[in-house]
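[1] The following comprises the amino acid sequence and a computationally predicted model.
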Amino acid sequence: MASSGYGRIMKTMILLFCALMGLMSAQEADQRVLGKSVEGSYADKVVVIEVGKKDLSVSQSFKFWERILKKADDDGAQAIVFDLNTPGGLAFPTTELMTQIANLKTPTISFVNPQALSAGTFVAVSTDRIYMKPGSAIGSAAIVDGTGAKIEDTMRAKLESFFDAHVRWIAEKKGYRKDVLRAMMIVSEKERNIEGNIVEAGALLALNSSEAIKPLNEGTLLATAEIQNLDALFEREGWDKADLVTATPTGFERLAWWVAGISGLLIVVGLSGGYFEIKTPGFGVGGVISLTAFGIFFFGNYLAGNMAGYELAALFVLGIVFIAIEIFVLPGFGIAGLIGLTIMIGSLVFAMVDNVAWERRQFEAPGIGGLGEVLNGPAMHLSFGIFGSFLILWAMMRFLPNIPFFSKHLLPGSVALGTGISEEAETGPRIGMTGTATTDLRPSGKAEIDGGILDVVADGKFVQKGDAVRIIKEDGMGVVVKGA
C-alpha cells in the first residue's frame, strides 16, 4: 500500500512537471491543473476591458489584452469597451496594441474614466468612438524616457517620426483629426491654435471633456459625448446590461504572474532540493522538489511574458551536467564547475528578464536606461535565491542530523553504517594518516591532513570542526575519514 501510494504521488508529480515544462498547452494546463476554465464565449457580449493606472506599464497586461481581443473578435462580440484610467505606460507595446484594436471587426469604444494620458491617448484614438466622463482629460502624449533621462535630439526625432506616422494611419482609419493628435504628441517651437485651444510653444495639447466634445462643422473635436458611467454608455449605445462581461485573467494567467513575482523563492526551493537530493542518494524527494520548483520557475516566467523558454531551460540543464561532471568525473572544482555555474546563473537571470524591456533596450526605445536597468530585477531575485538557499543549507546541516526521522532514514544514505569499510581491509598511501577537521563533517567537509586541505566524507558519525580525524579509505570517489 505504501509503495503503491508513493508511485501514485510520483506519477502525479511527473504529470504536473510535464505540464509546467510546456508539454501541454496553456489552455490544457489551465483546465487540468487548476480546474476547467470558467471563461465562456463572448458571442453577442459587450466585453469591457479595464485599463488601470499601472496596466500600460506591465508587459503581462499586453499579453492578456492580445488574447482577449482575439477571442472577442473570433467569438463575434457585440462590442469591446476600454474603460480607461491611466497616466500612460510603455510606448512600443502600445503601438502594437493600437494596430490590433484598429484592425478588429468588432466595434470598439473608449470611455475616459477619468484620464487617458500619454499611451492611454493612443489606446483611446485606436477605437471607433471616445466617450469621456465629465471633467476627465486626454492628451499629453509625448514620447519620454521612463528612467527620467533626456532623450538625445536625433533619437527623439526618429521616435517621433515613427509614432507620428503610426498615429496618422490610425487617425485616417478611425476618422480623428491629425492636427489634434499631433499637437498632443509632438512639441512645437511655435504657438498653435487648435480650434480655439491655444497650445503654447514648447507645450503639448491636453483636452478636458468639454473641450474634446466641442462641436465642429464635421462632428466634434475628438470625443463623441460626455457620460457619467458605463450604465449611461450602455443606454446611449442601446445595449442590454445583461450582455456586459468584464474581461479578467484566467486562473492560469494569474498563477503565471504570481510565479514571476516569487521567482527568488522558487530558486531557494530548487537549489535546496538539489542539495538535499545529493546528500540523500536514492530517496528521490529532493530531486522531485528541485525539478518541480525549477519547472514552475521556467514555465511561469514564460507565461508571464519573460524570456524563459525551452532554450534557457535546456541551458540550465546543461549547466547542471557540467557541475555533475565536475563532482563525479573531474573532482576539484575546476573549469567544468565554473562553466556549469556560469551557465546556470545566466539562464536563471535571463529567464526572468521582461521580453518587452529587452526588445526596447535592443532598439534603444525610451523607458530603459541600459542593460543594468533590464537586469536589475532579475539579479535581485537571483541574489535572494542564492542567499536564501545558503541559509536553508546551513539549517539542514545544523538541525536535520538531530531529528530522529532524518537521522534514521535520510542521512545514512550518504555514508551508511556497517558498509563493510574496515581499516585493515583498506590500503593506500594515506590510509591511517591523521589530521584535523577544518569544517563540520555532516558528513562531507574539509580536513587538514599532512599539511594540505582535503575534501573528505565522515564515515557514520558526524565530526565537529576542530576534532581529530583519521583516513580509513581512499579511492577514486574520494577520501573517507572517521574521528581519531
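    Everything's here; your move. Residues are numbered from 1 along each chain as shown.

[2] Could you tell me how many residues sit around residue 152?
    11 (other Cβ atoms under 10 Å). (C-beta placed from N, C-alpha, C; glycine too.)

[3] separation between it and residue 158?
    10 Å (Cβ to Cβ, to the nearest Å).

[4] One more: residue 347?
    34 Å.

[5] who has more neighbours, those two?
    residue 347 (22 against 14).

[6] Now for that one: which residues touch it?
    312, 313, 315, 316, 319 (Cβ atoms under 8 Å, 6 or more residues apart in numbering).

[7] from the residues you listed, which single one is nearest residue 196?
    Distance to residue 196 across the contacts of residue 347 (Cβ to Cβ) is lowest for residue 312, with 56.0 Å.

[8] Pretty sure that closest one sits in a strand.
    No - applying DSSP: H, G, I helix; E, B strand; the rest coil, one finds residue 312 to be helix, outside a strand.

[9] burial count for it?
    Residue 312: 23 neighbours (other Cβ under 10 Å).

[10] What distance do you get for it to residue 224?
    47 Å.

[11] Check residue 55 too.
    In terms of Cβ to Cβ, residue 55 sits 23 Å off from residue 224.

[12] And the strands in the stretch 51-200 of the chain?
    79-86, 108-117, 129-132, 137-139, 192-194, 197-199 (DSSP state E, counting those that start in this stretch).

[13] counting contacts, what elements does the first one pack onto?
    Spelled out, that is strand 79-86. In this structure, strand 79-86 packs against strand 46-51, strand 108-117, helix 119-125, helix 230-237, with contacts taken as 3 or more Cβ pairs under 8 Å, 6 or more residues apart in numbering; DSSP states H and E.

[14] how far is that strand from where the chain is centred?
    26 Å (Cα atoms, centre = their mean, to the nearest Å).

[15] Just checking: what are the partner strands of that strand?
    Partners of strand 79-86 in the sheet, by DSSP bridges, are strand 46-51 (parallel), strand 108-117 (parallel).

[16] between these, which gets nearest to residue 461?
    That would be strand 46-51 among the strands paired with strand 79-86, by Cβ to Cβ, at 63.6 Å.

[17] May I see the buried residues of that closest one?
    The neighbour-count check on strand 46-51 (16 or more other Cβ atoms under 10 Å) flags 46, 47, 48, 49, 51 as buried.

[18] so where is the stretch 351-484 of the chain shaky, pLDDT-wise?
    Within the stretch 351-484 of the chain, the segments meeting pLDDT under 70 span 356-373, 400-428, 442, 460, 475-478.

[19] so where do the helices sit in it?
    For the stretch 351-484 of the chain, the helices defined by DSSP state H, counting those that start in this stretch cover 355-362, 371-399, 404-409.

[20] cool, and the stretch 201-350 of the chain?
    Under DSSP H, counting those that start in this stretch, the stretch 201-350 of the chain gives helices at 209-212, 230-237, 251-261, 263-279, 285-303, 310-328, 335-351.
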